[in-house]
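Asker: after the sequence you'll find the predicted model.
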Amino acid sequence: MEVITFLKNILWAPPLIILLFSAGILFTVRSGFYQFRCMSEMFRNISQSLRSSKTSGISSLMALSTALGGTVGVGSIIGVAYSIAIGGVGSIFWMWISGFIGMMTKYAEVAIAVKYRTKRKGIFVGGAMYALKALGKPKTAVLFAITCVVASVGAGNLAQTNAIAELLSFEGVPITATAAVVAILLAFIIFKGQKFIAKLSQIVVPFISVLYLLAVTAVIIVYFKGIPSAICRIFSEAFGFSAVAGGFSGAIISSAFRNGLTKGVFSHEAGMGSSPIAHAASETATPHTQGLWGIFEVFFDTFVVSTLTAIAIICVGVCDMGELFDLFLGNAGSIFILAAIAVFAFAAVLSWCFYAESCLYFLSNSPVPLFIYRVLFIIAAFIGAVIPKGVAWDISDIFNALMIFPNLFLLLICQKEVIKIIKLR
């Protein structure tokens, strides 16, 4: 545990945080704060895409649902609660900053992934690895593909299955039993291929997202008197001021800053280059239109799901969503949040499997590495359920960081192309 924590602290040191911020700020400024200006266009584009989403391949909605499956859920619910517990209420402010900057980072990486995508056996495939190869950076392309495969085990598997097992254990379900069931379900689904994963995500993710948002909004309405105080605490503690600490504390702002940013990246994944792999698979995508879906992905994850979760937790004054819904709805509430998070987490596992398989297709045409990966991925799901919670989250943070470096390198060398795509929309 000490080694894992040490590695996480080294990777998530100020240089990486500054690098992430700099990339997001670069695209934000050069685009004229496009994430502000594109809102009406974004929702209009989404509406048009939904009306014309019939396709024999992977539609824009399937691609978005797969991407949201990897972002909305554990990071937006358990991750937010964990961030507040470790970094304080002020971490939510820095999560917002991460989300706002991340909108343009996400637009850039999705647009580039779609622009440089190609077809494999009649299906579009893309991502940072294909873009890097097309731009004459084959070694960096391989590096990204390898780090994505590795990250799928950490961020996309260990943390998700750990969350499922921990929640069910509160209801008396043995952790090993949960691990076995998750592994069996995963084995049944992932051997059916990427298109099946995308279709399943299109059905499951929107449905469970709507149910969760209705439930958490109902909680906030009941405790609406606490909203002004919650907002004040988020802003004051973000800059180190806390009534509990009796004034300003540098430790408070440092903890809030780091935890808010790391959990923000874990949740919306902007800068990692993971979800653009799903976006690039859409048959109906153009670099600009799918880039708008990328902005919506971060907006929905950070400013809708994560923010409502945070406000509810702060207003009610609990440590996690299980306790919150138990107070609000009794046993029915506990069962609902257990089911919701379990579905979200499992959707995230499937999404990350989708990303990793795309990278494996890039690395090799042989079916052997893919088969070996699927077997190891299923085993990792079992292991993730039984390891301690802190270990699972720290491993996820480490693997997230490893993906960021080659992806940001791609974005920096493609910045002029991204701005040109926005101007020519």
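Answerer: Now that the structure is in, tell me what you want to look at. Fair warning: this is a prediction, and the values are worked out from it, not measured in the lab.

Asker: what's the weakest-modelled helix or strand in this structure?
Answerer: Using mean pLDDT, DSSP states H and E, strand 247-248 stands out as the lowest-scoring helix or strand of the chain, at a mean of 42.

Asker: quick check: mean pLDDT of stretch 92-103?
Answerer: Averaged across stretch 92-103, the pLDDT comes to 87.

Asker: again, but for stretch 353-373
Answerer: Average pLDDT, stretch 353-373: 88.

Asker: burial count for the residue lying closest to L132 once chain neighbours are set aside?
Answerer: Among residues not flanking L132 along the chain, A141 sits closest, at 3.7 Å (CB to CB, 6 or more residues apart in numbering). No exception for glycine: its C-beta is placed from N, CA and C like everyone else's. A141 is flanked by 24 other residues according to other CB atoms under 10 Å.

Asker: hmm, A128 and A141 touching each other?
Answerer: Yes. A141 lies in contact with A128 (CB atoms under 8 Å); the separation is 7.5 Å.

Asker: what do those two both touch?
Answerer: Here A141 and A128 have P406 as joint contacts, going by CB atoms under 8 Å, 6 or more residues apart in numbering.

Asker: can you check the pLDDT for the residue nearest to L132?
Answerer: pLDDT, A141: 94.

Asker: list the buried residues in whichever strand or helix holds it.
Answerer: In this assignment (DSSP states H and E), A141 forms part of helix 138-153. Of all the residues in helix 138-153, those buried under the rule 16 or more other CB atoms under 10 Å are 140-153.

Asker: out of those residues, the closest to G79 would be?
Answerer: Of all these, G79 sits closest to A151, with 15.6 Å by CB to CB.

Asker: distance of the closest residue to that closest one other than its chain neighbours relative to F188?
Answerer: Counting by CB to CB, 6+ apart, A151 lies nearest to F399, which is 3.9 Å off, once chain neighbours are set aside. From F399 over to F188 the distance is 25 Å, taken as CB to CB, to the nearest Å.

Asker: then I395?
Answerer: With distances taken as CB to CB, I395 is found 26 Å from F188.

Asker: between those two, point out the one with more neighbours.
Answerer: Applying other CB under 10 Å to I395 and F188 shows that I395 carries more neighbours, namely 23 against 10.

Asker: ok, and the closest non-adjacent residue to V153?
Answerer: Excluding the flanking residues, the one nearest V153 by CB to CB, 6+ apart is A380, at 4.9 Å.

Asker: can you tell me the element that neighbour falls in?
Answerer: Assigning secondary structure by DSSP H and E places A380 in helix 367-386.

Asker: in the next helix or strand after that helix, what's buried?
Answerer: Once helix 367-386 ends, the next helix or strand along the chain (criterion: DSSP H and E) is helix 389-413. Residues of helix 389-413 classed as buried by neighbour count (16+ other CB under 10 Å): 391-411, 413.

Asker: which helix or strand lies directly C-terminal to helix 389-413?
Answerer: Assignment by DSSP H and E places the next element after helix 389-413 at helix 415-423.

Asker: pLDDT of that next one, averaged?
Answerer: Mean predicted confidence for helix 415-423 is 91.

Asker: which secondary structure elements does that helix contact?
Answerer: On a contact count with 3 or more CB pairs under 8 Å, 6 or more residues apart in numbering; DSSP states H and E, helix 415-423 meets helix 14-30, helix 91-115, helix 287-298.

Asker: before we move on, back to that, quick one, the helix or strand following the helix holding A141 and helix 367-386 angle?
Answerer: Of the helices and strands lying after helix 138-153 in sequence (DSSP H and E), the nearest is helix 159-170. Relative orientation of helix 159-170 with respect to helix 367-386: 40 degrees, computed using axes from the mean of the first three to the mean of the last three CA atoms, to 10 degrees.

Asker: what sits against I413?
Answerer: I413 is in contact with L135, K137, counting by CB under 8 Å, 6+ apart.

Asker: gap between it and A111?
Answerer: From I413 to A111 the distance is 14 Å (CB to CB).

Asker: please apply the same query to V173.
Answerer: Note on V173: its distance to A111, by CB to CB, is 43 Å.

Asker: and what of Q160?
Answerer: Distance, Q160 to A111, using CB to CB: 28 Å.

Asker: which ones are touching the nearest residue to Y223 once chain neighbours are set aside?
Answerer: If the residues on either side of it in the chain are set aside, Y223 comes closest to C315, at 4.1 Å by CB to CB, 6+ apart. Residues in contact with C315 (CB under 8 Å, 6+ apart) are V219, I220, Y223, F224, G226, I227, S229, A230.

Asker: put together a markdown table for those residues, with pLDDT and secondary structure on each row.
Answerer: Output for those, formatted as a markdown table (pLDDT from 0 to 100; DSSP: H, G, I helix; E, B strand; the rest coil):
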| residue | pLDDT | secondary structure |
| --- | --- | --- |
| V219 | 87 | helix |
| I220 | 90 | helix |
| Y223 | 87 | coil |
| F224 | 87 | helix |
| G226 | 88 | helix |
| I227 | 91 | helix |
| S229 | 89 | helix |
| A230 | 89 | helix |
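
Asker: and the furthest pair within these?
Answerer: Using CB to CB, the pair of the contacts of C315 lying farthest apart is V219 and S229, separated by 15.6 Å.

Asker: where are the low-confidence patches of the stretch 251-400 of the chain?
Answerer: Across the stretch 251-400 of the chain, the ranges flagged by pLDDT under 70 are 251-267, 389-390, 392-393.

Asker: let's go with 50 and repeat that
Answerer: 251-253 (pLDDT under 50).

Asker: chain center to the helix holding A141, what's the gap?
Answerer: 17 Å (CA atoms, centre = their mean, to the nearest Å).

Asker: name the residues that touch it?
Answerer: Helix 138-153 has contacts (CB under 8 Å, 6+ apart) with 127-133, 272-274, 277, 352-353, 355-356, 359-360, 362-363, 373, 376-377, 380, 399-400, 402-403, 406-407, 409-410.

Asker: run the angle between it and helix 389-413 for me.
Answerer: Using the same axes, to 10 degrees: helix 138-153 against helix 389-413 is 150 degrees.
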